[in-house]
Structures are given as C-alpha cells and as structure tokens.
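Novice: Starting from these lines, generate the structure:
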Amino acid sequence: MISPYFLHTERLGLRLWSPDDFAPAWALWGDPEVTGRIGGPFSERQVRERLEREIATQEAHGVQYWPVFLRTTGRHIGCCGLRPYNLDASVYALGFHLRLACWGHGYAGEAARAVIDHAFGVLGARALFAGHHPENDPSRRLLAKLGFRYTHDELYPPTGIEHPSYLLTREESGA
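Specialist: Modelled structure (predicted):
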C-alpha cells in the first residue's frame with residue numbers, strides 16, 4: 001500500500017490539501033477556539049478561501065500548512081507547515097494549528113520537527129520565521145523548545161496586533 005503522506009513521524013502523517021478537503025478544513029479553521037488568536041472566527045466562505053490559498057501556495061511555492069493526520073486511525077488533527085516569508089533570503093514561516101481535542105498531546109512539536117527537517121533538508125531553507133499571539137504561552141514554549149530565538153514583535157494583520165516573532169537558522173537547528 002502506498003502511503004498518502006509525503007512526510008511522517010512515528011505518530012503523524014502530513015499530506016497535501018486537496019479541493020475535496022473542505023470537511024477537515026472547516027473542522028479546523030471553522031472552530032472559533034482554534035482560530036481566535038489567528039484572526040478568527042472564520043465563516044464558511046473564509047475557510048473555503050483559505051483552503052484555496054493553501055492549494056495555490058503549494059502550487060506556486062511547494063509549501064503550505066499541510067494537513068496532519070494520526071497514522072494509526074487516519075483522523076485529521078490539524079495542520080503544520082510553511083509559508084513563503086522572505087524567499088530572496090530562503091526564509092520560510094513555520095506555523096501549526098491543531099484541533100481543540102488534540103491540544104496537549106505533543107502533536108504540534110512532533111509535526112513541527114518534521115517540517116523543520118523538511119525545510120532545511122529538502123527545501124534548502126536558510127532560516128525559519130515563526131510568531132504567535134502574545135497570549136499563547138503554549139506556542140511560545142514550543143518555539144523555544146524547538147530552538148527558535150525571539151527577535152522582535154511584528155504586526156500580524158489578521159489580528160491587528162504585534163506578535164512576538166522568532167527565528168531559527170539552519171546552523172542553529174543543527175541541520
């Protein structure tokens with residue numbers, strides 16, 4: 001059997017979004033608890049547009065916030081991936097969103113480590129940028145654990161506020 005996942009960990013599989021993935025996209029980005037700190041809540045139309053943007057970003061740049069699944073059950077648990085940030089300098093932005101029932105199980109860190117390895121190993125990234133809502137302490141702690149260092153606060157237009165921002169270089173990652 002061929003795996004649908006282009007990236008995987010012991011527990012998780014990541015694949016590309018497809019136009020048929022509205023149900024898992026809605027379960028994730030339609031949840032106000034999940035999206036409250038990233039500019040949500042989002043309407044059905046906004047989630048459909050988000051799914052279309054993810055697919056377009058993959059086609060244009062070879063990256064997206066890939067959907068993440070439990071390998072044992074195939075259950076969708078969220079997304080983790082990359083966005084173009086400063087491609088002239090080979091810098092991508094790392095991000096992850098998990099469904100509420102999946103918080104606190106270590107999935108975000110596990111998926112993020114796989115994406116970081118992919119970014120530095122396959123894509124040849126020189127650095128990764130990441131940010132989080134100022135009230136999101138679990139994301140702050142995870143970014144520190146992953147080796148990101150705080151660099152500045154940056155306006156995040158969807159929330160309209162400054163978000164703490166971080167960088168992880170290839171050298172700092174050990175890649």
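
Novice: List the contacts of Pro138.
Specialist: The neighbours of Pro138, taking CB atoms under 8 Å, 6 or more residues apart in numbering as the test, are Trp103. In short, each C-beta sits where N, CA and C put it, glycine included.

Novice: at 10 Å what do you get?
Specialist: With contacts defined as CB atoms under 10 Å, 6 or more residues apart in numbering, Pro138 is in contact with Trp103, Gly104, Ala108, His132.

Novice: Run through the helices of the protein in chain order.
Specialist: Taking DSSP state H, the helices of the chain run over residues 22-29, 32-35, 44-61, 107-121, 137-145, 170-173.

Novice: among those helices, which is nearest Arg75?
Specialist: When the helices of the chain are compared by CB to CB, helix 22-29 sits nearest Arg75, at 9.4 Å.

Novice: for that closest one, packing partners?
Specialist: Secondary-structure packing of helix 22-29 (3 or more CB pairs under 10 Å, 6 or more residues apart in numbering; DSSP states H and E): helix 32-35, helix 44-61, strand 65-70, strand 76-86, strand 91-98.

Novice: in the chain, which segments are predicted with low confidence?
Specialist: 1-2 (pLDDT under 70).

Novice: at 90 instead, please
Specialist: 1-3, 174-175 (pLDDT under 90).

Novice: How far does stretch 4-21 sit from its chain's centre?
Specialist: Mean C-alpha position of stretch 4-21 versus that of the full chain (CA atoms, centre = their mean, to the nearest Å) differs by 13 Å.
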